[in-house]
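Asks: test case, fold it:
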Amino acid sequence: MIQISRPRIYIATDASGRKGIGGICFESQQLFSTRVPRRHRGKHINWKELFAVLYAFADWSEDWINFGV
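Replies: Residues are numbered from 1 along each chain as shown. Next comes the predicted model:
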């Protein structure tokens, strides 16, 4: 069935030019902060920003499966 309304999950992520990446999931009050792997440190900041989003999905996606059900 088509769901008219879906639960929303709010996250925020950020990347630093040299230091690393971090994020917060507001619903579960979970945080992460980690360094970018050495082989990726010279990449463009846009790549690092997207890497932070990918890291958040990989870390928290299992918690979101039954969220709001």
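Asks: going by C-alpha atoms from here, please, whenever you check contacts or count neighbours.
Replies: Noted.
Asks: which SSE is the spatially most central residue of the chain in?
Replies: What sits nearest the mean C-alpha location of the chain, by Cα atoms, centre = their mean, is A56, with 2.5 Å. Assigned by DSSP states H and E, A56 belongs to helix 45-64.
Asks: which strands and helices sit next to that helix?
Replies: Packing partners of helix 45-64 (3 or more Cα pairs under 8 Å, 6 or more residues apart in numbering; DSSP states H and E): strand 11-15, strand 21-25.
Asks: let's have those strands in CSV, adding mean pLDDT, mean neighbour count and distance to F67.
Replies: Below are these laid out as CSV (pLDDT from 0 to 100; neighbours: other Cα atoms under 10 Å; distance: least, Cα to Cα, whole Å):
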stretch, mean pLDDT, mean neighbour count, distance to F67
strand 11-15, 96, 18, 14
strand 21-25, 97, 19, 13
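Asks: got those strands as CSV, with distance to I2 columns?
Replies: What follows is those, written out as CSV (distance: least, Cα to Cα, whole Å):
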stretch, distance to I2
strand 11-15, 25
strand 21-25, 26
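Asks: any idea which of those strands gets closest to K48?
Replies: Taking Cα to Cα, strand 11-15 is the member of these nearest to K48, at 5.8 Å.
Asks: count of residues packed around G17?
Replies: Counted with other Cα atoms under 10 Å, the neighbours of G17 add up to 15.
Asks: any low-confidence regions in the chain?
Replies: Applying pLDDT under 70 to the chain flags the ranges 1, 3, 68-69.
Asks: still on that earlier bit, so the residue nearest to the centre of the chain sits against G23, correct?
Replies: Yes: when contacts are counted by Cα atoms under 8 Å, A56 is listed as touching G23 (6.8 Å).
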